[in-house]
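Student: Show me the folded form of this:
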Amino acid sequence: MQPRCEEPLKVVLILLDDRSYHEFYRHHWSFEPGLFQHREFLMSNNNDILFQPFTLGSFTIPNRIVMAPMTRSFSPNGIPTQQVADYYKRRAEDGVGLILSEGTTIARNGSRNDENIPLFYGEAPLKGWSRVIDAVHESGGRMGPQIWHVGSAPNRRSQWEQPDIESPSGLGAPDEPRGRVMSEQDIADSITAFASAAADAKRLGFDVVEVHGAHGYLVDQFFWSELNKRSDSYGGATLKERSKFAIEVIKSIRTAVGPGFPIILRVSQWKLQNYDVKMAHTPAELGDWLNPLVEAGVDILHCSQRRFWEPEFPELDGADGLNFAGWAKKVTGVPTISVGSVGLALDTISSFSGESSAPADLNRLRARMEKDEFDLIAVGRAILNDPHWVTKVRENKTDEFQSFAPSALAQLV
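Tutor: Below you'll find the model as predicted:
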């Protein structure tokens, strides 16, 4: 009888890629029949951590995979088409736990920077979105719109002239004037527009709503000291002070949708205008920023970073320390969504510069989720590119992951 070698086997298998892991078990179980049942357990649980249900109050989704919001610009005149509805329906059919729509803009003239970005106001656009959520629900999915105002951020891929550009201080990037400074009435009207969009999301039957407060767009422009030079109550020397606009947006939305309807806020340190910005340099500063937003009504924080596996404060917990979402969860106590190059070797910025990306395994993701570092994981380009991505993960066929080419952005698959 051969000696048991269960522990050495586990060490070896950690080093194998997903398909090799399964092939090893399938071809080597016979040398010790007594371990077969244990090996089957390991096989079936390879990606199981991603397929645990998530519940927040009365809101439940069947797994931890979120489709990240990604601008698609396939909505002529701001109206989502049947093609758009079918695009999201395919992800629901594949079993995405929660679909977050591409950014869809509030009722402000300058809220979008491309004429094919969908609106989330007006009869025709809302009818289009109603068609989208009905299709998703018919396929067993859950979905929320990401409501958005781009502020003064330009769209460098579009030649469309954005009307009535507005921002906290009339800046599109540090020291670069663009558009006009928002008056207090502009600010009040924008807050109302966010709340109206959220109320419409609930009325149409969406399951959650997400506010885009990241990446150097309007809400984030108020957070960022380089673009918020205001001397009134919407400015200030600290990140906490500059959060007043976002806090009032969240409070207004909570009033509009009532208790129990989940509000997600997407935040980031990095900006499209500067990838290396860090607004919160310590966990204490992170808590001072995020906790007032949670107190205002945020239920889930969607913490965007370019590469999810990178630690947020490595000087405190090392190269394998908590990422942005992990620290956000630690300092606030609310559920968080992580995101950033899941399933791909290169980050999203590479796509903007025309680079393709090879697929990547999920080993680092599983390791972090098994530690309960964050609650949900958003997947962007990999799901945009492949409507069957979730099935491949569920069936442990990660060797069938596709490479991502920027040309994928030009079509809805």
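Student: what sits against K330?
Tutor: Going by Cβ atoms under 8 Å, 6 or more residues apart in numbering, K330 touches P283, L322. C-beta: built from backbone N, CA, C; applies to glycine.
Student: what about it, which helix or strand?
Tutor: Per DSSP states H and E, K330 falls inside helix 324-332.
Student: so how far is the helix or strand that comes right after that helix off the chain centroid?
Tutor: For helix 324-332, the following helix or strand on the C-terminal side (DSSP H and E) is strand 336-339. In this view, strand 336-339 has its centroid 7 Å away from the chain centroid, taken as Cα atoms, centre = their mean, to the nearest Å.
Student: what's the neighbour count on the residue nearest to F194 when sequence neighbours are not counted?
Tutor: Take F194 and drop its neighbours on the chain: the residue closest to it by Cβ to Cβ, 6 or more residues apart in numbering is V249, 4.8 Å away. Neighbour count for V249, taken as other Cβ atoms under 10 Å: 31.
Student: Who are the packing partners of the helix or strand containing V249?
Tutor: Here V249 sits within helix 244-257, counting by DSSP H and E. Helices and strands touching helix 244-257, by 3 or more Cβ pairs under 8 Å, 6 or more residues apart in numbering; DSSP states H and E, are helix 184-204, strand 209-212, helix 218-223, strand 263-268, helix 283-296.
Student: looking at those, which is closest to S75?
Tutor: helix 184-204 (15.1 Å; Cβ to Cβ).
Student: Which residues does the helix holding V249 contact?
Tutor: 168, 187, 190-192, 194-196, 198-199, 201-202, 209, 211, 213, 219, 222-223, 233-234, 236, 263, 265, 292-293, 296-298.
Student: buried subset of these?
Tutor: Buried members of the contacts of helix 244-257, counted by 16 or more other Cβ atoms under 10 Å: 168, 187, 190-192, 194-196, 198-199, 201-202, 209, 211, 213, 219, 222-223, 234, 236, 263, 265, 292-293, 296-298.
Student: and the residue lying closest to S139 once chain neighbours are set aside, helix, strand or coil?
Tutor: Leaving aside its sequence neighbours, S139 sits nearest to A92 (Cβ to Cβ, 6+ apart; 3.8 Å). Recorded secondary structure, A92: helix (DSSP: H, G, I helix; E, B strand; the rest coil).
Student: now do G110
Tutor: G110 carries the three-state label coil when classified by three-state DSSP.
Student: burial measure for it, as a count.
Tutor: Counted with other Cβ under 10 Å, the neighbours of G110 add up to 22.
Student: Which residues are in contact with it?
Tutor: Counting by Cβ under 8 Å, 6+ apart, G110 touches H149, V150, G151, Q162, P163, D164, I165, E166, G179.
Student: any idea what sits nearest it, other than its immediate chain neighbours?
Tutor: D164 (4.1 Å).
Student: isn't there a strand covering I377?
Tutor: Yes: under three-state DSSP, I377 falls within a strand.
Student: which stretches of the stretch 301-413 of the chain have low pLDDT?
Tutor: For the stretch 301-413 of the chain, the stretches flagged by pLDDT under 70 are 352.
Student: re the thing from before, tell me which residues touch the residue nearest to S139, please.
Tutor: Counting by Cβ under 8 Å, 6+ apart, A92 has contacts I99, A135, V136, H137, S139, G140, G141, M143.
Student: try 6 Å
Tutor: V136, S139, G141 (Cβ atoms under 6 Å, 6 or more residues apart in numbering).
Student: Show me the domain layout of the protein.
Tutor: 1-46, 52-410 (automatic domain parsing).
Student: follow-up on the earlier one: so for the residue nearest to F194, what pLDDT did the model give?
Tutor: Listed pLDDT for V249 reads 99.
Student: surely V132 meets A85?
Tutor: Yes: if you go by Cβ atoms under 6 Å, V132 and A85 touch, sitting 4.6 Å apart.
Student: if you count what's nearby, which of these two comes out ahead?
Tutor: In terms of neighbours (other Cβ under 10 Å), V132 is the more surrounded of V132 and A85; the figures are 26 against 19.
Student: Distance check, the nearest residue to H388 once chain neighbours are set aside against Y87.
Tutor: Excluding the flanking residues, the one nearest H388 by Cβ to Cβ, 6+ apart is D94, at 5.7 Å. To Y87, D94 is 12 Å away according to Cβ to Cβ, to the nearest Å.
Student: the longest strand in this protein is where?
Tutor: Secondary structure assigned by DSSP state E gives strand 98-105 as the longest strand of the chain.
Student: residues making contact with that strand?
Tutor: Contacts of strand 98-105 (Cβ under 6 Å, 6+ apart): 61, 66-67, 69-72, 88, 91, 111-112, 118-120, 141-146, 148, 210, 212.
Student: Which of these fall in strands?
Tutor: I61, V66, M67, M143, G144, P145, Q146, W148, E210, H212.
Student: can you tell me how far the last one sits from N363?
Tutor: Spatial separation of H212 from N363 under the definition Cβ to Cβ is 30 Å.
Student: what's the answer for the fifth one, then?
Tutor: Distance of G144 to N363, given as Cβ to Cβ: 29 Å.
Student: Compare neighbour counts for these two and give me the winner.
Tutor: G144 (24 against 16).
Student: Excluding sequence neighbours, find me the nearest residue to V66.
Tutor: Excluding the flanking residues, the one nearest V66 by Cβ to Cβ, 6+ apart is A378, at 4.2 Å.
Student: ok, what's across the strand from that neighbour?
Tutor: Counting by DSSP bridges, A378 is bridged to V66, V339.
Student: and the residue nearest the centre of the chain, what does it touch?
Tutor: Nearest to the mean C-alpha position of the chain, counting by Cα atoms, centre = their mean, stands A68 at 4.2 Å. With contacts defined as Cβ under 6 Å, 6+ apart, A68 is in contact with V339, A378, G380.
Student: out of those residues, who's nearest N46?
Tutor: Nearest member of the contacts of A68 to N46, counting by Cβ to Cβ, is A378, at 20.8 Å.
Student: I'd assumed I65 was in contact with the closest one.
Tutor: No: the criterion here is Cβ under 6 Å, and A378 misses it with I65 at 8.2 Å.
Student: Please pick the buried ones from the contacts of G110.
Tutor: Using 16+ other Cβ under 10 Å as the burial test, the contacts of G110 include H149, V150, G151, Q162, I165, E166, G179 as buried.
Student: Redo the residues you listed as JSON lines? Include pLDDT, secondary structure and distance to K127.
Tutor: Formatted as JSON lines, the buried ones among the contacts of G110 follow (pLDDT from 0 to 100; DSSP: H, G, I helix; E, B strand; the rest coil; distance: Cβ to Cβ, whole Å):
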{"residue": "H149", "pLDDT": "98", "secondary structure": "coil", "distance to K127": "22"}
{"residue": "V150", "pLDDT": "98", "secondary structure": "coil", "distance to K127": "23"}
{"residue": "G151", "pLDDT": "98", "secondary structure": "coil", "distance to K127": "27"}
{"residue": "Q162", "pLDDT": "88", "secondary structure": "coil", "distance to K127": "25"}
{"residue": "I165", "pLDDT": "97", "secondary structure": "coil", "distance to K127": "28"}
{"residue": "E166", "pLDDT": "98", "secondary structure": "strand", "distance to K127": "27"}
{"residue": "G179", "pLDDT": "97", "secondary structure": "coil", "distance to K127": "31"}
